[in-house]
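Participant: whatever this is, show me its structure:
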Amino acid sequence: MTRINTTDYVRPSTAATLAGVSRALAYRLIAAGTVPSVEIDGTVFVHRSDVAKIVAAPGMGRPKGSSPKKRKRKPRVTPPASTPGEDGG
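Facilitator: Numbers count the residues shown, from 1 in each chain. This is a model prediction of the structure:
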């Protein structure tokens, strides 16, 4: 049986933190095979040397210099205020 040094492996959430990306992105790169991983008893691990692949993954994130699109808000419509005696009664 081969023993591995467990300090060389981190969970995807820790890898994401070290790489400065979201946890979702780290899992997406692992699922796509861009970042190698191992699964032990149902738990996924990434080798510390592969954390750099998360940062260097091509096409991930917004291009440099771009900004997120601003959503256009719908104008707020408020009902007209009723005045006493307007309701006909």
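
Participant: partner strands of the longest strand anywhere in the chain, with direction?
Facilitator: Ranked by residue count under DSSP state E, the longest strand found in the chain is strand 43-47. Sheet pairing of strand 43-47 (DSSP bridges) gives strand 9-10 (antiparallel), strand 38-40 (antiparallel).

Participant: just say which of these is most tucked in.
Facilitator: Highest mean neighbour count among the strands paired with strand 43-47 (mean count of other Cβ atoms under 10 Å): strand 9-10, with a mean of 18. Yep, even glycine has a C-beta here, placed from its N, CA and C like the rest.

Participant: can I get the helix or strand of the chain with the lowest mean pLDDT in CSV? Just the C-alpha atoms.
Facilitator: Lowest on mean pLDDT, DSSP states H and E among the helices and strands of the chain sits helix 51-55, with a mean of 82. The C-alpha coordinates for helix 51-55 follow below in CSV (Å, rounded to 0.1, in the frame of the first residue of the first chain):
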residue,chain,number,x,y,z
VAL,A,51,-3.4,25.0,-7.0
ALA,A,52,-1.5,27.2,-9.5
LYS,A,53,-3.5,25.6,-12.3
ILE,A,54,-6.7,27.1,-10.9
VAL,A,55,-5.2,30.6,-11.3
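
Participant: just give the number of residues close to Tyr27.
Facilitator: Tyr27 has 17 neighbours, counted by other Cβ atoms under 10 Å.

Participant: whoops, I mixed them up, Arg76
Facilitator: Arg76: 5 neighbours (other Cβ under 10 Å).

Participant: CA atoms of the longest helix seen in the chain as PDB?
Facilitator: When the chain is parsed with DSSP state H, its longest helix is helix 23-32. Output of helix 23-32 as PDB, limited to C-alpha atoms (Å, rounded to 0.1, in the frame of the first residue of the first chain):
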ATOM      1  CA  ARG A  23     -15.100  27.700  -4.500                       C
ATOM      2  CA  ALA A  24     -17.500  27.100  -7.300                       C
ATOM      3  CA  LEU A  25     -14.800  27.800  -9.900                       C
ATOM      4  CA  ALA A  26     -12.400  25.500  -8.200                       C
ATOM      5  CA  TYR A  27     -15.000  22.600  -8.300                       C
ATOM      6  CA  ARG A  28     -15.900  23.500 -11.900                       C
ATOM      7  CA  LEU A  29     -12.200  23.200 -13.000                       C
ATOM      8  CA  ILE A  30     -11.800  19.900 -11.100                       C
ATOM      9  CA  ALA A  31     -15.000  18.500 -12.800                       C
ATOM     10  CA  ALA A  32     -13.700  19.600 -16.200                       C
END
